[in-house]
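In: Any chance you could fold what I've pasted below:
(2 chains)
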Amino acid sequence: MAVELKDLTKSEDNYSQWYNDLVVKAGLAENSAVRGCMVIKPYGYAIWEKMHEVLDGMFKATGHQNAYFPLFIPKSFFSREASHVEGFAKECAVVTHYRLKNDPEGKGIVVDPEARLEEELIVRPTSETIIWNTYKNWITSYRDLPILCNQWANVVRWEMRTRLFLRTAEFLWQEGHTAHETKEEAIEEATKMINVYKQFAEEWMCVPVVVGHKSPNERFAGAEDTLTIEALMQDGKALQSGTSHFLGQNFAKAFDVKYANREGKLEYVWATSWGVSTRLMGALIMAHSDNNGLVLPPKLAPIQVVIVPIYKGEEQLAAARAKMNEIADGLKALGIRVKVDDRDNLRPGFKFAEYELKGVPVRLALGQRDLQNGTIELARRDTLTKETVSQEGIVEHIAALLDEIQANIFKKALDYRNSMITKVDTWDEFVEVLNNKGGFISAHWDGTPETEQAIKDATKATIRCIPIDAEPEEGKCIFTGKPSHCRVLFAKSY
RNA sequence: CGGGGUGUAGCGCAGUCCGGUUAGCGCAUCUGGUUUGGGACCAGAGGGUCCCAGGUUCGAAUCCUGGUACCCCGACCA
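Out: Numbering: from 1, shown residues only, chains lettered A, B, ... in the order given. Prediction:
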């Protein structure tokens, strides 16, 4: 296998090449034969599957139910909400025909021109329109509300430029779509779900995030307010990792979804939508990985503990195997995901390197010495340290250690992130920090889209969010000098 | 869509400028043996429409024309 990652020089141009290399070599995913799409390999999918399972549990615990809506959306649905169509029109895959046939000139298979659809179908880039067209039939009275649905699905966005996990033409996600009686209830729902995402990112992925509002420029097409969780990658760029939108009555009006309220009057319903995608995989990889490969938080690692035997000959292998299985059984009894790697054709050093590349949190190595002394070698992926410990109580020790590793990975990411939030008050400082340090820049902004655009044009930095817990503070916009009432976070982003 | 780069064995590449035996190297694979506490070694074997099409030539991986795919940078991107 001879895997060697290119040197990780953070915040250099080759960071994305390094990331790409890592994703492929760690066996997570690769580019597919279809432009801009990716193949998620079993190891990568196992991580996603775990994320899916945990998030799904969190959605259900907050009263949501899963449902499924069509992949294809009639073109006409799309144009009902003006800003929505404007936001997505440029990146839609369109189905125009429904049949192929043999080329009469013998050049293989061609699209049958006779089989043109009367109305083209859009491959969903997001499902608001088809879902609201459906909700219309489900809602007549306040007694039908709220509707709290979530969909796990794939969507397609024909982006001009793609990156594994971060921006692929097709990606997996979940999208929650809820309908409510009142504005307050919808806002509360949108807030609740962004906090679910924050909790998931921090407690499961060990990725600290800032919760905040998007500026109007960055808002979802069709939303009145977009809440976001913003994470920081190791090269100092921000990654929008999940969003929750308060849609107001925009889609209800576009699809004419009214309900009879408690006074018997017809009103439009209030809506939210919220989603996270396989982009979270990119966040997980870019937030923690080092030059030896992935560093996975124990809670999401498909393999939490791997046991590698060191032996000479069949007899020693058999002896090691017996002890390894005993320890593995003990770990499994505590619900720990453990793998015994007794492959006979690979040497220990190779296996060590391989599991480091794959980010396995804890590695045990068991050899003759250990069998004689009742010890075992224990290596941590997060700190790359190893020690020889007693086999006595090893199972409990590891159970506690996994929690410690989880906490340590988060702390490391949090310390880094906090060290990369820089307050600046002048334009010169802003440019200086942006070019030399990166990360989030906390600065005053006059609140206008024009200024945000001008800053973006000048520096490529955008407002990542207006933090939800931002303290009111009087100041002057770093670009125009006009008055501002709170700081916002700027960064370059993926 | 612009700028740059690359298509040669499963993977990574050399060879291309300056055309010339049977297209080569490393890794991986298979066989046999020795190994095994940080990416093993020896011996042998298998594996190729040199991205595609056309052209020039006695002869093309190499030169010419056209096409195509992928990668990086930009533009673009709730």
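In: In contact with the spatially closest residue to residue A:181 that is not a sequence neighbour, which residues?
Out: In space, and not counting its chain neighbours, residue A:181 is closest to residue A:145: 4.8 Å by Cβ to Cβ, 6 or more residues apart in numbering. Where C-beta positions appear, they are placed from N, C-alpha and C, glycine not excepted. Shown in contact with residue A:145 (Cβ atoms under 8 Å, 6 or more residues apart in numbering): A:139, A:179, A:180, A:181, A:259, A:269.
In: near RNA strand B, from the residues you listed?
Out: Applying Cβ under 7 Å from any atom of the strand, the subset of these adjacent to RNA strand B is empty.
In: with those residues in mind, which one is nearest to RNA strand B?
Out: Distance to RNA strand B, by Cβ to the nearest atom of the strand, is smallest for residue A:179 among these, at 18.1 Å.
In: TSV please, covering the contacts of residue A:145 and showing distance to residue A:369, neighbour count and secondary structure.
Out: TSV is the format used below for the contacts of residue A:145 (distance: Cβ to Cβ, whole Å; neighbours: other Cβ atoms under 10 Å; DSSP: H, G, I helix; E, B strand; the rest coil):
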residue	distance to residue A:369	neighbour count	secondary structure
A:139	70	21	coil
A:179	65	27	strand
A:180	65	23	strand
A:181	69	18	coil
A:259	73	20	strand
A:269	69	29	coil
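In: Same list (those residues) but as a markdown table, adding distance to residue A:102.
Out: Output for the contacts of residue A:145, formatted as a markdown table (distance: Cβ to Cβ, whole Å):
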| residue | distance to residue A:102 |
| --- | --- |
| A:139 | 48 |
| A:179 | 48 |
| A:180 | 53 |
| A:181 | 56 |
| A:259 | 53 |
| A:269 | 50 |
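In: Would you mark the buried spots in the longest helix that chain A contains?
Out: In chain A, with assignment by DSSP state H, the single longest helix is helix A:394-419. For helix A:394-419, burial by neighbour count (16 or more other Cβ atoms under 10 Å) applies to A:394-395, A:398-399, A:401-402, A:405-406, A:408-410, A:412-413, A:416-417.
In: just stretch A:331-341 next, same as before
Out: A:331, A:336, A:337, A:338, A:340, A:341.
In: isn't the fourth one right next to residue A:330, touching?
Out: Translated: residue A:338. No. Judged on Cβ atoms under 8 Å, residue A:338 makes no contact with residue A:330 at a distance of 9.1 Å.
In: mind checking pLDDT for the residue nearest to residue A:181?
Out: We have a pLDDT of 97 for residue A:145.
In: Spatially nearest residue to residue A:141, not counting backbone neighbours?
Out: residue A:260 (4.8 Å).
In: Identify the residues contacting the one you found.
Out: Residue A:260 touches A:140, A:141, A:142, A:266, A:267, counting by Cβ under 8 Å, 6+ apart.
In: Out of the residues you listed, which comes closest to RNA strand B?
Out: residue A:267 (26.0 Å).
In: Isn't the closest one up against residue A:183?
Out: No. In this structure residue A:267 lies outside contact range of residue A:183 using Cβ under 8 Å: 10.6 Å.
In: Can you give me the neighbour number for residue A:250?
Out: Counted with other Cβ atoms under 10 Å, residues neighbouring residue A:250 total 24.
In: tell me the contacts of the residue lying closest to it once chain neighbours are set aside?
Out: Once flanking residues are discounted, residue A:250 sits nearest to residue A:222: 5.4 Å by Cβ to Cβ, 6+ apart. Residue A:222 makes contacts with A:81, A:83, A:84, A:87, A:128, A:245, A:247, A:250, A:251, as judged by Cβ under 8 Å, 6+ apart.
In: ok so residue A:222 is a helix residue?
Out: No. Residue A:222 is assigned coil when assessed by DSSP: H, G, I helix; E, B strand; the rest coil, not a helix.
In: Name the residues of the stretch 351-494 of chain A found near RNA strand B, please.
Out: Checking the stretch 351-494 of chain A against RNA strand B by Cβ under 7 Å from any atom of the strand, the hits are A:352-354, A:356-357, A:365-371, A:376-377, A:379, A:384, A:386, A:388, A:460.
In: one more time with 10 Å, if that's ok
Out: A:351-358, A:363-373, A:375-381, A:384-386, A:388, A:453, A:456-457, A:460, A:462, A:492-494 (Cβ under 10 Å from any atom of the strand).
In: Out of the residues you listed, which end up buried?
Out: A:351-358, A:363-367, A:370-371, A:375-381, A:456, A:462, A:492-494.
In: Mind checking which of the buried residues of stretch A:331-341 are in helices?
Out: residue A:331.
In: among the buried residues of stretch A:331-341, which two are most distant?
Out: A:336 and A:341 (15.5 Å; Cβ to Cβ).
In: Quick check: of the buried residues of stretch A:331-341, which lies closest to residue A:305?
Out: Lowest distance from residue A:305 to those (Cβ to Cβ) belongs to residue A:338, with 4.4 Å.
In: ok, back up a step: so which of the buried residues of stretch A:331-341 belong to strands?
Out: Counting by DSSP state E, the buried residues of stretch A:331-341 place A:338, A:340 in strands.
In: need the strands for the stretch 1-150 of chain A, in chain order.
Out: A:29-31, A:38-40, A:65-66, A:72-74, A:94-97, A:100-102, A:109-111, A:116-123, A:147-156 (DSSP state E, counting those that start in this stretch).
In: And for the third one, what's in contact with it?
Out: Around strand A:65-66, the neighbours that count as contacts under Cβ under 8 Å, 6+ apart are A:56, A:59, A:148, A:149, A:150, A:151, A:152.
In: any idea how far RNA strand B is from the fifth one?
Out: For residue A:150, the distance to RNA strand B under the criterion Cβ to the nearest atom of the strand, to the nearest Å works out to 14 Å.
In: May I have the beta-bridge partners of that residue?
Out: Listed by DSSP bridges, the beta-bridge partners for residue A:150 are residue A:66, residue A:176.
In: coming back round to it: can you flag the buried ones in the contacts of strand A:65-66?
Out: A:59, A:148, A:149, A:150, A:151.
In: Could you report the separation of the most centrally placed residue in chain A from residue A:358?
Out: Nearest to the mean C-alpha position of chain A, counting by Cα atoms, centre = their mean, stands residue A:280 at 1.4 Å. Going from residue A:280 to residue A:358 by Cβ to Cβ, to the nearest Å gives 18 Å.
In: Secondary structure element holding residue A:429?
Out: Assigned by DSSP states H and E, residue A:429 falls within helix A:427-436.
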